[in-house]
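**Q** Sharing a sequence plus its predicted fold:
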Amino acid sequence: MNMMTRDMTAGAVGGLAGGVVLTGAMIAADRFGIEKPLPLTVERWAAYHAGADRKSLKQDPTVEEEALAYGGHLVASVALGAAFGAMQGRMGVSTVTSGLLFGLGVHAVNLGVLGPALTITKQPWNQTPGMHARRLAMHAVFGVVAALVAREVTRRL
């Protein structure tokens, strides 16, 4: 296995681990009534634009919808982790720092640019400070977990 393949594989595994932590936190926040999970919002947005019935989109999500939404979130985490793995060893900073920068970068791109541009989320400055802080912290944890797991997987490959 060449070094790039190893690093991307390790990054993908790290992204999955970080994604599991982040997705679990989102599910917990939903169950405690703190915040509706973003993957469900994205899934509903996609369904709406694909022509789904508006009435059905106002009902509670089905188990299948939740599985699709959270599965998609994990797939995105793996893909982003692989890209991170390709860059991690070339950054010249510690594992935790690179993971923190990765998580904050994912947050900035997804929730600061893509989400508002696609009208999935509000612009960060139009969200409550608590919601913004929660999402920022969760993505920071995602990045650090991804980096730490990727480092360990790299050592073993």
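**A** Great, that's in hand.

**Q** in this protein, what secondary structure element scores lowest on mean pLDDT?
**A** helix 54-57 (a mean of 82; mean pLDDT, DSSP states H and E).

**Q** other SSEs contacting that one?
**A** Helices and strands touching helix 54-57, by 3 or more C-beta pairs under 8 Å, 6 or more residues apart in numbering; DSSP states H and E, are helix 38-49. Every residue, glycine included, has its C-beta placed from N, CA and C.

**Q** quick one: contacts of the helix it packs on?
**A** Contacts with helix 38-49, where a contact means C-beta atoms under 8 Å, 6 or more residues apart in numbering, come from 23, 26, 30, 54, 57, 61, 65-66, 68-70, 72-73, 111, 115, 118-121, 135.

**Q** Buried subset of those residues, written for PyMOL?
**A** Buried members of these, defined by 16 or more other C-beta atoms under 10 Å, are picked up in PyMOL with:
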select buried, resi 23+26+30+61+65+66+68+69+70+73+111+115+120+121+135
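
**Q** So which of the contacts of helix 38-49 are in helices?
**A** Applying DSSP state H to these, the entries found in helices are 23, 26, 30, 54, 57, 65-66, 68-70, 72-73, 115, 135.

**Q** any idea how far the residue sitting furthest away from the middle of the chain is from Y48?
**A** The C-alpha centroid of the chain is most remote from K55, which lies 28.1 Å away (C-alpha atoms, centre = their mean). Separation of K55 from Y48 (C-beta to C-beta, to the nearest Å): 12 Å.

**Q** need the strands for this structure, in chain order.
**A** Using DSSP state E, no strands are found in the chain.

**Q** who's in contact with the residue farthest from the centre of the chain?
**A** So K55 contacts nothing (C-beta under 8 Å, 6+ apart).
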